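In: Show me the folded form of this:
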Amino acid sequence: PDGSLRVRVHIALVADFVERGGAMDREAATRATTVYLPELTVRMLPDAISSQAASLIAGEIRPVLTTDVTISADGELLESSIYPARIAISQRLDYDSTDRILADHNASGEIPETVRKLNLAATHLRERRRRAGAILIQRREAKVRVRGNEIDVSVIDSGSPSRLMVGEFMVLSNYVAARYAAAHRVPIIYRVQPKTTGEFAGQRPRLSLYPEYHSGIGLDFYAQFSSPIRRYADLVLQRQLIAALSRPDHFAYSQEELLAVLAGAENAEAEGRELERRAKRYWILRYLQRHAVDRELNAVVTREGVSAELVDFGVRGTLHGAPNLATQSSIVVQIGRVDPLRGWLTMDYVRAESEVADRAR
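Out: This next block holds a predicted model:
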């Protein structure tokens with residue numbers, strides 16, 4: 001009646017399947033993260049775990065770590081708790097189908113009504129973080145798949161309603177877990193970014209044993225627990241939380257062990273992300289080299305006429321021959337030079353999109 005909403009966010013309880021110190025755990029620690037390459041996916045955990053036993057598959061019963069929250073009508077967190085559970089998965093939606101549900105205002109039934117309520121709550125949560133100073137960046141992300149001799153490039157809109165909704169509840173779940181750890185003195189590794197001014201403004205987020213404000217996210221506490229299937233650091237923190245929930249003052253890891261494990265995981269994750277970035281760029285440039293050298297392409301200026309990003313490919317390069325243009329101006333370009341091995345891409349300015357509109361009129 002008061003407009004509040006109870007939401008339960010369920011994260012796969014991967015700690016149930018991966019014994020600490022076992023062969024699978026040692027290999028997962030070495031890999032540290034799942035690496036998504038255009039040619040293949042190198043998983044942190046075997047498919048039997050990551051895609052089956054621990055995956056939230058429709059029609060199956062799965063162990064989960066649940067964040068149970070009550071959110072007020074204006075997005076304030078009223079109550080929260082964390083506990084392990086077993087749930088039956090009734091349906092598994094994907095981003096595209098959820099976006100279609102949200103776009104169809106006439107859709108009725110339990111799922112459309114639930115999705116709309118969740119989306120409204122997520123919108124309020126996001127707005128509260130924005131007012132707290134959160135940096136809300138939405139970038140179009142290229143997705144590249146290579147099968148044999150075929151290269152398929154599509155661009156994912158990270159700002160679609162479904163992705164923003166899921167992302168917001170992941171942030172909320174991480175916040176509640178971090179707040180619980182801080183309140184109960186559970187040793188974990190927090191992600192912090194102090195709110196600063198002057199010469200120290202814009203500090204990068206860092207890891208800390210102590211809870212501090214994360215200005216980029218706009219929350220008092222923050223840690224990453226939400227991806228234990230694909231990030232080893234999240235699996236370690238999930239183990240720590242489960243141990244503390246089952247027996248207060250009983251921890252799976254000491255502070256020193258956490259630092260050692262997570263420092264190694266951070267380095268391996270960074271290497272994995274760089275490999276993903278370079279591989280994705282290589283294959284996008286290969287695609288452009290094959291199919292787009294003589295085509296006119298839509299782009300957006302990214303650095304005052306010095307560089308631009310191709311709208312349909314999510315890749316940036318140097319821009320030549322452009323007049324003085326404002327950042328985010330829409331333009332038309334042609335490929336000047338492309339070298340996939342070196343990662344080079346130059347674009348030649350053709351015209352501003354405003355000129356296209358003028359000619360159409």
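
In: Okay, residue 211 and residue 190: tell me how far apart.
Out: With distances taken as CB to CB, to the nearest Å, residue 211 is found 5 Å from residue 190. For every residue, glycine as well, the C-beta is placed using N, CA and C.

In: looking at this structure, which helix or strand is least sure?
Out: None of the helices or strands of the chain scores lower by mean pLDDT, DSSP states H and E than helix 353-360, at a mean of 57.

In: so how far is the first residue of stretch 240-257 from its last?
Out: One end of stretch 240-257 to the other measures 11 Å (CA to CA, to the nearest Å).

In: Quick check on residue 188: phi, psi?
Out: phi -140, psi 180 (degrees, to the nearest 10).

In: Next, count neighbours for it.
Out: Residues within reach of residue 188, counting by other CB atoms under 10 Å, total 26.

In: pLDDT wise, what is it at?
Out: pLDDT recorded at residue 188 is 94.

In: Name the residues contacting each of residue 211 and residue 190.
Out: Common neighbours of residue 211 and residue 190, counting by CB atoms under 8 Å, 6 or more residues apart in numbering, are 178, 182, 221.

In: Which strand or helix spans the second one?
Out: Meaning residue 182. helix 161-183 (DSSP states H and E).

In: now for that helix, which elements pack on it?
Out: For helix 161-183, the elements it packs on are strand 5-12, strand 61-71, strand 77-88, helix 95-103, helix 110-131, helix 232-246, judged by 3 or more CB pairs under 8 Å, 6 or more residues apart in numbering; DSSP states H and E.

In: Any idea which of these gets closest to residue 305?
Out: helix 110-131 (29.8 Å; CB to CB).

In: just checking, what packs against the closest one?
Out: Using 3+ CB pairs under 8 Å, 6+ apart: helix 110-131 touches strand 5-12, strand 61-71, helix 95-103, helix 161-183.

In: Now tabulate those in TSV and tack on mean neighbour count, distance to residue 39 and mean pLDDT.
Out: Formatted as TSV, these follow (neighbours: other CB atoms under 10 Å; distance: least, CB to CB, whole Å; pLDDT from 0 to 100):
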stretch	mean neighbour count	distance to residue 39	mean pLDDT
strand 5-12	18	26	96
strand 61-71	19	30	97
helix 95-103	15	23	95
helix 161-183	21	25	96
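
In: mind putting the ones you listed in a markdown table, distance to residue 41 included?
Out: As requested, the helices and strands packed on helix 110-131 are exported to a markdown table (distance: least, CB to CB, whole Å):
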| stretch | distance to residue 41 |
| --- | --- |
| strand 5-12 | 17 |
| strand 61-71 | 21 |
| helix 95-103 | 18 |
| helix 161-183 | 20 |
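
In: quick one, which of those is nearest to residue 266?
Out: Across the helices and strands packed on helix 110-131, the minimum distance to residue 266, taken as CB to CB, is reached by helix 161-183, at 16.3 Å.

In: Show the subsequent helix or strand relative to the closest one.
Out: If you walk from helix 161-183 toward the C-terminus, the next helix or strand you reach (DSSP H and E) is strand 190-192.

In: Can you list the strands that that next one pairs with?
Out: Paired strands of strand 190-192, with direction, are strand 206-208 (antiparallel) (DSSP bridges).

In: Tell me the buried residues in the strand it pairs with?
Out: residue 208 (16 or more other CB atoms under 10 Å).

In: could you give me the average pLDDT of it?
Out: The pLDDT scores in strand 206-208 average 86.

In: ok, and what's touching that strand?
Out: The contact list for strand 206-208, computed with CB under 8 Å, 6+ apart, reads 189, 190, 191, 192, 193, 262, 263, 266.

In: Distance from that strand to the middle of the chain?
Out: Mean C-alpha position of strand 206-208 versus that of the full chain (CA atoms, centre = their mean, to the nearest Å) differs by 19 Å.

In: Same question for stretch 251-258.
Out: On CA atoms, centre = their mean, the centre of stretch 251-258 falls 26 Å from that of its chain.

In: thinking again about what came up before, identify whichever of the helices and strands packed on helix 110-131 lies nearest to residue 316.
Out: helix 161-183 (21.3 Å).

In: now the angle from the closest one to helix 110-131?
Out: Calculated by axes from the mean of the first three to the mean of the last three CA atoms, to 10 degrees, helix 161-183 forms an angle of 60 degrees with helix 110-131.

In: what angle sits between helix 161-183 and strand 61-71?
Out: Orientation check (the same axes, to 10 degrees): helix 161-183 against strand 61-71 gives 80 degrees.

In: Next, the angle from helix 161-183 to helix 95-103.
Out: Calculated by the same axes, to 10 degrees, helix 161-183 forms an angle of 100 degrees with helix 95-103.

In: starting at the chain centroid, how far to helix 161-183?
Out: 12 Å.

In: what's the angle from that helix to strand 77-88?
Out: Going by the same axes, to 10 degrees, helix 161-183 makes 110 degrees with strand 77-88.

In: pLDDT wise, what is residue 303 at?
Out: Here the pLDDT value assigned to residue 303 is 82.

In: Correct me if wrong: it contacts residue 327.
Out: Yes. In this structure residue 303 lies within contact range of residue 327 using CB atoms under 8 Å: 6.6 Å.

In: Okay, now the unreliable bits of the protein?
Out: Scanning the chain for pLDDT under 70 picks out the ranges 196-201, 354-361.
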